[in-house]
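Novice: 3D, please:
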Amino acid sequence: MSDIPLPPHRPRHWIEYVATGAALLISAISLWVAIRTADANNKMVAAASWPYLQIDTSDATPDGRQVLSFDMTNAGVGPALVEAFEVSYYGKPIRSSRELLQVCCGFDPAKPRPVSVHQPNIGTWTEGTTGGSVLRAGEVRVFFNYPMTDANQRAWTILKDAVANRHLLARACYCSVFGECWQGGFTGIHPARVDRCAAPAVPYTQ
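Specialist: The predicted structure follows:
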């Protein structure tokens, strides 16, 4: 059997090396641009769904009535899934507005309703749902509203002073629709990022 001769070796021209290197460089640049574009798109989607909760407190209405009001507002651009909400009074966790008025001002939950008749020193109030709810972007939710009267002026002033001196505090943990979560005490503009919202030991219900 005769040997088949191999073709003669031809050295590669330098232009071929340059062309190969250029092709590799273009491929690397294209991959880098694709990764950066995907990252930018992800950031744009996250920014378009970013929630940001704030607590607003006031002690008077625009028409001058003395009403102590606590509002939770979603000042972000995406819905906020409020996973946990907590309230404390002088460091003590509070479960509800009724417990708050019991601790601060002598409300007796054993007495019958209407409160304004059986406990005139407390008066009446309204409350709203907080934890376990969803706030749309721009939505405002009142979770405690307490108008002052001649009868409950002492209790009203106690709560107003507690707010002013930061003895009545609230904090929440909330997530975006993409599962990004934040937790904060409504101080400053940078709530802490967390992996998930843990259930509080003493949640505030209403």
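Novice: would you quantify the distance from residue 161 to residue 104?
Specialist: Relative to residue 104, residue 161 is positioned 10 Å away (C-beta to C-beta, to the nearest Å). C-betas here are computed from N, CA, C, even on glycine.
Novice: so which of the two has more stuff around it?
Specialist: Neighbours of residue 161 and residue 104, each counted by other C-beta atoms under 10 Å, are more numerous for residue 104; the result is 18 against 11.
Novice: wait, that one sits on residue 154?
Specialist: No - at 10.4 Å, residue 104 does not count as touching residue 154 under the criterion of C-beta atoms under 8 Å.
Novice: flag the helix or strand of the protein with the lowest per-element mean pLDDT.
Specialist: helix 14-48 (a mean of 62; mean pLDDT, DSSP states H and E).
Novice: could you find the closest non-adjacent residue to residue 199?
Specialist: Counting by C-beta to C-beta, 6 or more residues apart in numbering, residue 199 lies nearest to residue 84, which is 6.3 Å off, once chain neighbours are set aside.
Novice: backbone dihedrals for the one you found, please?
Specialist: Dihedral pair for residue 84: phi -150, psi 140, per degrees, to the nearest 10.
Novice: is it in a bridge, and if so with what?
Specialist: Bridge pairing for residue 84 (DSSP bridges) gives the partners residue 173.
Novice: the residue nearest to residue 78 when sequence neighbours are not counted: what's it in contact with?
Specialist: Distances taken as C-beta to C-beta, 6+ apart place residue 49 nearest to residue 78, at 3.4 Å, with adjacent residues excluded. Contacts for residue 49 (C-beta atoms under 8 Å, 6 or more residues apart in numbering) come out as 77, 78, 79, 176, 177, 178.
Novice: what's the domain layout of this structure?
Specialist: 12-48, 53-194 (automatic domain parsing).
Novice: what's next to the helix or strand containing residue 170, contact-wise?
Specialist: Per DSSP states H and E, residue 170 falls inside strand 168-175. Outside of strand 168-175, the residues within contact range by C-beta under 8 Å, 6+ apart are 51, 53, 55, 70, 72, 80-89, 100, 130-131, 159, 162, 181-186, 194, 196-198, 200, 204.
Novice: what are the ranges of the helices in this protein?
Specialist: 14-48, 97-105, 115-118, 153-164 (DSSP state H).
Novice: count the residues that sit near residue 86.
Specialist: Residue 86 is flanked by 20 other residues according to other C-beta under 10 Å.
Novice: what count of nearby residues applies to residue 67?
Specialist: By other C-beta under 10 Å, the residues close to residue 67 number 17.
Novice: contacting residues for it?
Specialist: 58, 59, 60, 61, 145, 146, 147, 148.
Novice: repeat that for residue 52.
Specialist: Residues in contact with residue 52 (C-beta under 8 Å, 6+ apart) are 74, 75, 76, 80, 191.
Novice: need the residues you listed in JSON lines (columns: distance to residue 172 and pLDDT).
Specialist: Shown next, in JSON lines, are the contacts of residue 52 (distance: C-beta to C-beta, whole Å; pLDDT from 0 to 100):
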{"residue": "74", "distance to residue 172": "11", "pLDDT": "92"}
{"residue": "75", "distance to residue 172": "13", "pLDDT": "90"}
{"residue": "76", "distance to residue 172": "13", "pLDDT": "90"}
{"residue": "80", "distance to residue 172": "9", "pLDDT": "93"}
{"residue": "191", "distance to residue 172": "9", "pLDDT": "87"}
